[in-house]
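Student: A structural model of the following input is requested.
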Amino acid sequence: MRKRILCLDIVRVICMTYIVGFWHMSNYTEYSNFIAESKVLADITLGILGGFIFLSGFLGGGKHFECVKEIMVYYKKRFITIYPLFFVSCFSLFFITRMGMGNYIVDLKQLGLTLVGMACFISVPPKTVWFISMLIPLYIVTPLYNKLSMKLKIIVIFACYTTIVMKPGRAYSDVRVFYLLPIYFIGLMLGEIFFVKKYEWTKRKNTLLLMTSSIVAVVSENLSLGIGNEFKIEKIIVKSIYMLFFILFLFTLSYEVEVRIKNNKWVSILENISVASLTCYLFHRQIYFVLNILFGEYNSFFECITFFLLVLIISIYIQKYYDKVIMLHKKRKQ
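Tutor: Numbers count the residues shown, from 1 in each chain. All right, here's what the predicted structure looks like:
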């Protein structure tokens, strides 16, 4: 089992806190329309989602599969870690929608396509769980991608970027999906360089990259906002550059935070939140739903922060219980 890397845990905590604690929480506040219509916040959100998916690829980039058995072990581990929780989340969101309390998964067709990971590519993607659904086919092709030569890996990445240009013919789909696809494969490629080829990272390099990435991300974001048409080649290029440098900024910033953490309690807290981030993402809507029934609706940011902390605590306990169930199952099989 690979040792936990605190920097990557910090990245995951930042991404989850922004998406769940701010972006989704804002849906319940009086500022929801303003936040939803902000192009700057929409691009920051895309960058954060890019950080999430890059991290998924990065951690899978160090895996080399020598035989079918190793591939099946990888699939089994991914399935056990994600799919049961994802399955329960999808069905619960479907029933909440049927009760008229949201608009997450609207019918059985969308539910079925979401569960098999195809809703984002051939139909209208669901709300909230679309991101995890998108990851399913990416996990499936990971062993094949990892076997390719570096040259072929780069060709696949460029091929993914061409799908953004094809997007206008797919009126039902979310353009964010097509920006995120190549990011996953870039993560896989760089993960191999970091874990397998043991690239050496230093504080000096990190500080230089942090400064560079922050400047390039801000400049490219401003340039992107000045190009109106979402599907112009110039817009796609500038926005793609912005995403890559925003992700680099996110990782270098997390490294700077890591080197300043001296207290083991903070390390433990960050690791626990990181481990529970998937559960928090999958079940925060459902927990909000229950908390609203118990305590009533809320629309201030102070109330949102309080509810988010409750969601976080509940998610950590759900994840701990789920991990215990997996461990008991493994012990019984032995």
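Student: any low-confidence regions in the protein?
Tutor: Along the chain, the model assigns pLDDT under 70 to residues 1-2, 164-173, 196-200, 229-231, 298-299, 334.
Student: so the residue nearest the centre of it is in which element?
Tutor: With the centre of the chain defined as its mean C-alpha position, the nearest residue by C-alpha atoms, centre = their mean is residue 52, 3.2 Å away. Taking DSSP states H and E as the criterion, residue 52 maps to helix 39-60.
Student: can you give the distance of that helix from its chain's centre?
Tutor: Averaging C-alpha positions (C-alpha atoms, centre = their mean, to the nearest Å) puts helix 39-60 6 Å from its chain's average.
Student: what comes into contact with it?
Tutor: 2, 8, 11-12, 14-16, 18-19, 23, 35, 131, 135, 138-139, 142, 146, 176, 179-180, 183-188, 190-191, 194, 217, 221, 224-225, 239, 242-243, 246-247, 250-251 (C-beta atoms under 8 Å, 6 or more residues apart in numbering). Glycine gets a C-beta too; all of them are placed from N, C-alpha and C.
Student: please apply the same query to stretch 307-315.
Tutor: Stretch 307-315 is contacted from outside by 20-21, 25, 273, 276, 279-280, 283-284, 287-288, 291, 298, using C-beta under 8 Å, 6+ apart.
Student: dump those residues into JSON lines; add secondary structure as well.
Tutor: Output for the contacts of stretch 307-315, formatted as JSON lines (DSSP: H, G, I helix; E, B strand; the rest coil):
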{"residue": "20", "secondary structure": "helix"}
{"residue": "21", "secondary structure": "helix"}
{"residue": "25", "secondary structure": "helix"}
{"residue": "273", "secondary structure": "helix"}
{"residue": "276", "secondary structure": "coil"}
{"residue": "279", "secondary structure": "helix"}
{"residue": "280", "secondary structure": "helix"}
{"residue": "283", "secondary structure": "helix"}
{"residue": "284", "secondary structure": "helix"}
{"residue": "287", "secondary structure": "helix"}
{"residue": "288", "secondary structure": "helix"}
{"residue": "291", "secondary structure": "helix"}
{"residue": "298", "secondary structure": "coil"}
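Student: quick one: buried ones out of the residues you listed?
Tutor: Buried members of the contacts of stretch 307-315, counted by 16 or more other C-beta atoms under 10 Å: 20-21, 25, 273, 276, 279-280, 283-284, 287-288, 291, 298.
Student: can you tell me which of these is nearest residue 321?
Tutor: Using C-beta to C-beta, residue 279 comes nearest to residue 321 of the buried ones among the contacts of stretch 307-315, at 9.8 Å.
Student: thought that closest one was touching residue 322?
Tutor: Yes - using C-beta atoms under 8 Å, residue 279 makes contact with residue 322 at a distance of 7.2 Å.
Student: could you give the number of residues near residue 176?
Tutor: 18 (other C-beta atoms under 10 Å).
Student: buried ones in the helix or strand encompassing it, by neighbour count?
Tutor: Under the criterion of DSSP H and E, residue 176 resides in helix 175-195. Within helix 175-195, the residues that qualify as buried are 175-192, 194-195, counting by 16+ other C-beta under 10 Å.
Student: straight-line length of stretch 27-34, end to end?
Tutor: 10 Å (C-alpha to C-alpha, to the nearest Å).
Student: got the contact list for that stretch?
Tutor: Outside stretch 27-34, the residues that touch it by C-beta under 8 Å, 6+ apart are 26, 35, 36, 288, 297, 298, 299, 300, 301, 304.
Student: and the gap between residue 177 and residue 250?
Tutor: Using C-beta to C-beta, to the nearest Å, residue 177 is found at 20 Å from residue 250.
Student: can you give me phi and psi for residue 102?
Tutor: As for residue 102, its main-chain torsions (degrees, to the nearest 10) stand at phi 170, psi -180.
Student: contacts only, for it.
Tutor: Taking C-beta under 8 Å, 6+ apart, one finds 93, 96, 127, 285, 289 in contact with residue 102.
Student: change it to 6 Å
Tutor: Shown in contact with residue 102 (C-beta atoms under 6 Å, 6 or more residues apart in numbering): residue 96.
Student: which stretch of helix or strand covers residue 332?
Tutor: Using DSSP H and E, residue 332 falls in helix 301-333.
Student: residue 218 too?
Tutor: helix 203-225.
Student: for that helix, list the C-alpha coordinates in PDB.
Tutor: Once non-C-alpha atoms are left out, helix 203-225 reads as follows in PDB (Å, rounded to 0.1, in the frame of the first residue of the first chain):
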ATOM      1  CA  LYS A 203      11.400  23.600  -2.200                       C
ATOM      2  CA  ARG A 204      13.200  26.000  -4.600                       C
ATOM      3  CA  LYS A 205      11.600  24.500  -7.700                       C
ATOM      4  CA  ASN A 206       8.200  24.600  -6.000                       C
ATOM      5  CA  THR A 207       8.500  28.300  -5.000                       C
ATOM      6  CA  LEU A 208       9.500  29.200  -8.600                       C
ATOM      7  CA  LEU A 209       6.600  27.200 -10.100                       C
ATOM      8  CA  LEU A 210       4.100  28.600  -7.600                       C
ATOM      9  CA  MET A 211       5.000  32.100  -8.600                       C
ATOM     10  CA  THR A 212       5.000  31.300 -12.300                       C
ATOM     11  CA  SER A 213       1.700  29.300 -12.300                       C
ATOM     12  CA  SER A 214      -0.200  32.000 -10.300                       C
ATOM     13  CA  ILE A 215       0.900  34.700 -12.800                       C
ATOM     14  CA  VAL A 216       0.100  32.600 -15.900                       C
ATOM     15  CA  ALA A 217      -3.200  31.400 -14.500                       C
ATOM     16  CA  VAL A 218      -4.400  34.900 -13.800                       C
ATOM     17  CA  VAL A 219      -3.300  36.300 -17.200                       C
ATOM     18  CA  SER A 220      -4.800  33.400 -19.200                       C
ATOM     19  CA  GLU A 221      -8.000  33.600 -17.200                       C
ATOM     20  CA  ASN A 222      -8.400  37.300 -18.000                       C
ATOM     21  CA  LEU A 223      -7.600  36.600 -21.700                       C
ATOM     22  CA  SER A 224     -10.200  33.800 -21.700                       C
ATOM     23  CA  LEU A 225     -12.900  36.100 -20.300                       C
END
